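Engineer: have a look; sequence and predicted model below, questions after that.
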Amino acid sequence: MNFRPTLFVALLTITLSTWADTQSAALSINGAKKVSAEEVIVLASYDRALVLIDARKPNDRIASGWIQGSIALPAGRDSRWTLKNYVPNTDTAVVFYGRDAEHIRGRKAVRFALESGYKNVFWFPGGWNEWLSKGLPYVQ
């Protein structure tokens with residue numbers, strides 16, 4: 001077999017590119033804007049009406065802390081009703097976070113908001129773990 005390094009590199013590049021696209025798609029939710037920890041800080045500094053929702057279970061929040069100013073609203077049966085109590089205006093910017101991108105509660109909360117007609121929805125997929133890993137301030 002005649003090995004061609006350039007062909008191997010091209011195939012590897014295509015494979016890795018396809019894998020990266022798949023991973024990126026897995027971290028997106030149609031209708032929501034994905035943000036990083038730094039972008040959450042910028043959004044909060046420019047939009048005083050912004051609401052930050054912590055979708056983790058209350059016990060997780062109590063055990064490890066939370067981002068200052070965030071509202072505890074775990075994704076569950078009554079989330080849509082409760083969200084409307086905290087954020088009555090569907091034009092208000094709302095950022096949702098969970099533990100990390102694999103945490104179903106964060107994604108579920110984002111979907112609840114979108115299905116409920118919220119128009120300015122942000123998803124912080126890195127969530128609590130990203131916040132901590134970057135050494136950003138939090139409440140314990």
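Structural biologist: Done, it's in. Residues are numbered from 1 along each chain as shown.

Engineer: so D60 sits in a strand?
Structural biologist: No. Using DSSP: H, G, I helix; E, B strand; the rest coil, the secondary structure at D60 is helix, not a strand.

Engineer: how close does it sit to A113?
Structural biologist: From D60 over to A113 the distance is 20 Å, taken as CB to CB, to the nearest Å. In this view, the C-beta of every residue, glycine as well, is placed from N, C-alpha and C.

Engineer: those two - which one has more neighbours?
Structural biologist: Neighbour comparison, D60 and A113: the larger count goes to A113, with 28 against 19 (by other CB atoms under 10 Å).

Engineer: let me know the helix or strand that that one is in.
Structural biologist: For A113, the host element (DSSP states H and E) is helix 104-115.

Engineer: residues contacting that helix, please?
Structural biologist: 29-32, 53, 55-57, 73-75, 79-80, 83, 94, 96-99, 121, 123-125, 127 (CB atoms under 8 Å, 6 or more residues apart in numbering).
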